[in-house]
Every structure is written in structure tokens, then in C-alpha cells.
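S.K.: Following is a predicted model, sequence given first.
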Protein chains: 2
Amino acid sequence: MSDKRAEILETAVRATKRDGLRKVSFRQLADQVGVKSSSVHYHFPTKADLAESMVRDYTDAFAARLEDIAACESTLPGKIDALVQVFADVLAADDLCLCGMMAAELSTLDARTGHALRQFFRVTEDWLTEQIDMHRQDLRIDLSAKDLGKVILAALEGAILLDRVDRDSERLQAFSRMARAILD
Amino acid sequence: MSDKRAEILETAVRATKRDGLRKVSFRQLADQVGVKSSSVHYHFPTKADLAESMVRDYTDAFAARLEDIAACESTLPGKIDALVQVFADVLAADDLCLCGMMAAELSTLDARTGHALRQFFRVTEDWLTEQIDMHRQDLRIDLSAKDLGKVILAALEGAILLDRVDRDSERLQAFSRMARAILD
DNA sequence: GTCTATATACAGATAGAC
DNA sequence: GTCTATCTGTATATAGAC
């Protein structure tokens, strides 16, 4: 992968996390990386190509971060706290999770990007389910690891979405306290 | 308020719940209600005017529905279930909550619409806090009513966002089971 | 790989007739 | 209140030179 291609991809992800894919244009990307829009089309023929590459790239990077967390943190509350911190960092930059943002834009996405999006959520939920199952005995609530994993990701995506409107992190913090009340 | 104005508003809300405000155009709205785009501009001079009216209208209707639920359901699990059903109905139509959708589009909203958006979330969270406080003794978890209200709304907004991508309601259902496990 | 130039479509918004 | 007509800006995408 050429340097320019990677630079365009990185720029597109950053812009989409803040403004959404619909507001990101080939012209704007071209200006930001210092080329013409036709050169962006050389690397990503259509916007659908760009969108799919963004989601796949983001998913790989996110999965790597999840593995880091699993390796560094030994307790379930520690792992959840670390995940909350990932979302808190995105929120502090006034951004959303790329895939949460694109989920809102679902009706304008092509089938391949939609599939890549589903994969992101599946991978993240599978990681959560695995971590929860590993610490089953610590749960203070009668709920399957799968259900709990789904609710945790939904709550985090919703919390960052709503918190950004308030330019605060009250909901992420409330989630953090709830997690501590349930897990430990 | 004239009939046409109300019809435009209703049409705009329906389209925005599915596609987002950015994809909704004055031309498209005009076609759908059978007038020309300049006539839509007569009722809503700018897109910001339209957006703010949509959020206020939606908030009023939603608040009325919350009051209905409070009046009809006597138990906290019953109230939460009824709220989940509201979101499930929106999801079944392949839509999102209007304000969840517009929260994703925050960076393209004017200040007044942003304020109206904050009001929607505040009103809904306040209702939840009130209902939870009313049934404090039923809680199986050590968490403030305010925190729990915030997490519940975040989880519902996130669940509908992610579930729509999968054309399923797995996360809303998982939330429902979690609520039952916590609330009794 | 990047450029100039362009085709085509659609966006928000407004002037002025009726 | 609604219309016709139009201004201005921007979008995705492509052809063909270098």
C-alpha cells in the first residue's frame, strides 16, 4: 500500500468520525493530503471502495487494541475500564466511533460496506463475550455473557453518541459506575 | 399551523429517521407532499428552521408517550418494557430514533437545533430517573437512579443503532433481559 | 500516479409573478 | 401560499495528457 493511499485512508477516517461519511468528499480529502480529487479516485475508484477500506482498516486497528487490553489487564473490571477509556479518548476528540457513525448512515451504504460494519460489531462483541466468560464467577447479575457483551457495546456506542451532544462524558462515566456495580 | 406545514414536518421526520437529515432535501420533501421546493422554503426558510422544528415536534410527541407509559404501567419493569417496545417499533420500520440519528450529525447542526437535541435527551433521562426513583426498593444493583437512567437511554440508543445494521433486534432483546435481571 | 478539464447531478436558497 | 425560474455551490465520477 502506497504512502498516499494510507494517508488518504487515515484522513478519511478522521473526518468521518467527526462529520460522517456523507460530508466527506473526494475534493476535501484531496485538499487535505495535497493532491487533486482525481488522484483520490485513482486509489479509491468509488466512494463505496473508500468506505469499505475505512471500515476494514478501523476494524483491524480496533481488534489489535482489544488484544492489547486482554494482554495487559488481568481482571474483568480492568478490561472494561480500559475499553471505556478507548471510547473516552474518541469522545475527548469530539469524534464518534467510526462504525457507530457509519451505522447511522446505513441507508446510504453499499452492501459490502454494510457487511464490513456487521463484522466490526461482531468482532467486538465476541471479544467482550470471551472476556466475560473468562471471569464468569465475578458476575453479580444473572445474565449470559453473550447478552452482557451485546448490552455493553450498545451502551458504549450510545453513550458516546449522546455525550458528544452535551460535550461531556456523563453517560460514559455513569456506565463505568454501573459496570463496577455489576462486575466486581 | 397549516396542514401543509404539518405534512412537510411529518414527512421530514420520517425520512430523517431512516436516512439522516443530510440526505433529506427540500426538493425531495416537496415532491413527497406535492408542492415545489420554494413552497417548502416558505414554511421553513432554512434547513436549520426545519431541523429545529422537527426535534421540538418529536420531543413533544415522545414526552407524551412517556406520560402514557407512566400512567398505564404500575411497575418499573413494566415501564421499561414499554419503553423498549417503543424503540422496537421504530427498529421494525428500519428507522432510528430521530434524535439519535441527528446526534450522529451533530457537527452539521446549528446551535439552536443542538440545544433542542440536548433537551430531548434531558427530558427522557429525567423521566427515567423519576420512574426509577419511584421504585427504588426494587433495584438489585447499587447505582443512583440518575446513573441508571443515563445508562438505560444510552443502551437503547446504541442497541437500535447496532441492531438496524443486522436487521435484527438481538441487542434490544439482550437489554430487555438485562433490565429484568437488574430490576426484578 | 498525478494532473487538467469536464460531464452530470443535486444541494440550499431567493426573486418576483400570480 | 404556491408557482416558475434561476443563482451559486458542491458532489461523484471519468477521459485523456504527462
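M.R.: Sure, I can see it. Bear in mind the structure is a predicted one, so any value in this text is a computation, not a measurement.
S.K.: Only C-alpha atoms from now on, for both contacts and neighbour counts.
M.R.: OK.
S.K.: tell me, how many neighbours does A:Ser2 end up with?
M.R.: 7 (other C-alpha atoms under 10 Å in any protein chain shown).
S.K.: A:Ala104 too?
M.R.: Around A:Ala104 there are 28 residues (other C-alpha under 10 Å).
S.K.: got a list of what the residue lying closest to it once chain neighbours are set aside touches?
M.R.: Nearest non-adjacent residue to A:Ala104, counting by C-alpha to C-alpha, 6 or more residues apart in numbering or on different chains: B:Met101, 6.1 Å away. By C-alpha atoms under 8 Å, 6 or more residues apart in numbering or on different chains, the residues touching B:Met101 are A:Ala104, B:Thr16, B:Lys17, B:Gly20.
S.K.: Export those as CSV, with columns for pLDDT.
M.R.: As requested, the contacts of B:Met101 are arranged in CSV below (pLDDT from 0 to 100):
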residue, pLDDT
A:Ala104, 99
B:Thr16, 98
B:Lys17, 98
B:Gly20, 98
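S.K.: Can you list which of those are found in strands?
M.R.: Among the contacts of B:Met101, no member falls in strands (DSSP state E).
S.K.: Check those and tell me the two furthest apart.
M.R.: A:Ala104 and B:Thr16 (10.6 Å; C-alpha to C-alpha).
S.K.: wait, does the longest helix along chain A make contact with DNA strand D?
M.R.: In chain A, with assignment by DSSP state H, the single longest helix is helix A:47-72. Yes. Legend: contact between helix A:47-72 and DNA strand D by C-alpha under 7 Å from any atom of the strand is shown at A:Lys47, A:Ala48.
S.K.: Identify each buried residue in that helix, please.
M.R.: Neighbour-count burial for helix A:47-72, with 16 or more other C-alpha atoms under 10 Å in any protein chain shown as criterion, is recorded at A:47-48, A:50-56, A:58-59, A:62, A:66, A:69-70.
S.K.: out of those residues, which one sits closest to chain B?
M.R.: Lowest distance from chain B to the buried residues of helix A:47-72 (C-alpha to the nearest C-alpha) belongs to A:Val55, with 13.7 Å.
S.K.: which residues does that closest one contact?
M.R.: Per C-alpha under 8 Å, 6+ apart, neighbours of A:Val55: A:Leu98, A:Cys99, A:Thr113, A:Ala116, A:Leu117, A:Phe120.
S.K.: Mind doing that once more with 7 Å?
M.R.: By C-alpha atoms under 7 Å, 6 or more residues apart in numbering or on different chains, the contact set of A:Val55 is A:Cys99, A:Ala116, A:Leu117.
S.K.: Likewise for A:Glu157?
M.R.: Residues in contact with A:Glu157 (C-alpha under 7 Å, 6+ apart) are A:Gly100, B:Gly158.
S.K.: and the gap between it and DNA strand C?
M.R.: 27 Å (C-alpha to the nearest atom of the strand, to the nearest Å).
S.K.: Need the pLDDT of the most centrally placed residue in chain A.
M.R.: The centroid of chain A falls nearest to A:Cys97 when counting by C-alpha atoms, centre = their mean (3.8 Å). pLDDT, A:Cys97: 98.
S.K.: what do you get for A:Ser2?
M.R.: 85.
S.K.: ok, now how distant is it from A:Ala64?
M.R.: In this view, A:Ser2 and A:Ala64 are 22 Å apart by C-alpha to C-alpha, to the nearest Å.
S.K.: Relative to chain B, how far out is the closest residue to A:Arg5 other than its chain neighbours?
M.R.: Nearest non-adjacent residue to A:Arg5, counting by C-alpha to C-alpha, 6+ apart: A:His43, 6.1 Å away. With distances taken as C-alpha to the nearest C-alpha, to the nearest Å, A:His43 is found 26 Å from chain B.
S.K.: again with A:Leu96
M.R.: From A:Leu96 to chain B the distance is 8 Å (C-alpha to the nearest C-alpha).
S.K.: contacting residues around that residue?
M.R.: By C-alpha under 7 Å, 6+ apart, the contact set of A:Leu96 is A:Lys17, A:Arg18, A:Val90, A:Ile160, A:Leu161.
S.K.: Which one of those residues is nearest to B:Leu143?
M.R.: The shortest approach to B:Leu143 among the contacts of A:Leu96 belongs to A:Ile160, at 20.0 Å (C-alpha to C-alpha).
S.K.: if I read this right, the closest one contacts A:Leu91, doesn't it?
M.R.: Yes. Assessed by C-alpha atoms under 7 Å, A:Ile160 is found in contact with A:Leu91 at 6.2 Å.
S.K.: more crowded one of these two?
M.R.: Neighbours around A:Ile160 and A:Leu91, counted as other C-alpha under 10 Å, are more numerous at A:Ile160. The numbers are 31 against 22.
S.K.: Let me know the helix or strand that the more buried one is in.
M.R.: helix A:145-166 (DSSP states H and E).
S.K.: CA atoms only: put that helix into CSV for me.
M.R.: What follows is helix A:145-166 as a C-alpha-only set of coordinates in CSV (Å, rounded to 0.1, in the frame of the first residue of the first chain):
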residue,chain,number,x,y,z
ALA,A,145,-22.0,-13.5,28.7
LYS,A,146,-23.3,-13.0,25.2
ASP,A,147,-26.2,-10.8,26.3
LEU,A,148,-24.0,-8.8,28.6
GLY,A,149,-21.4,-8.3,25.8
LYS,A,150,-24.1,-7.0,23.5
VAL,A,151,-25.5,-4.6,26.0
ILE,A,152,-22.1,-3.3,26.9
LEU,A,153,-21.2,-2.4,23.4
ALA,A,154,-24.6,-0.9,22.7
ALA,A,155,-24.3,1.2,25.9
LEU,A,156,-20.8,2.4,24.9
GLU,A,157,-21.9,3.3,21.4
GLY,A,158,-25.0,5.1,22.7
ALA,A,159,-23.1,6.8,25.5
ILE,A,160,-20.5,8.4,23.2
LEU,A,161,-23.3,9.4,20.8
LEU,A,162,-25.3,11.2,23.4
ASP,A,163,-22.3,12.5,25.4
ARG,A,164,-20.9,14.3,22.4
VAL,A,165,-24.1,16.3,22.1
ASP,A,166,-23.6,17.6,25.6
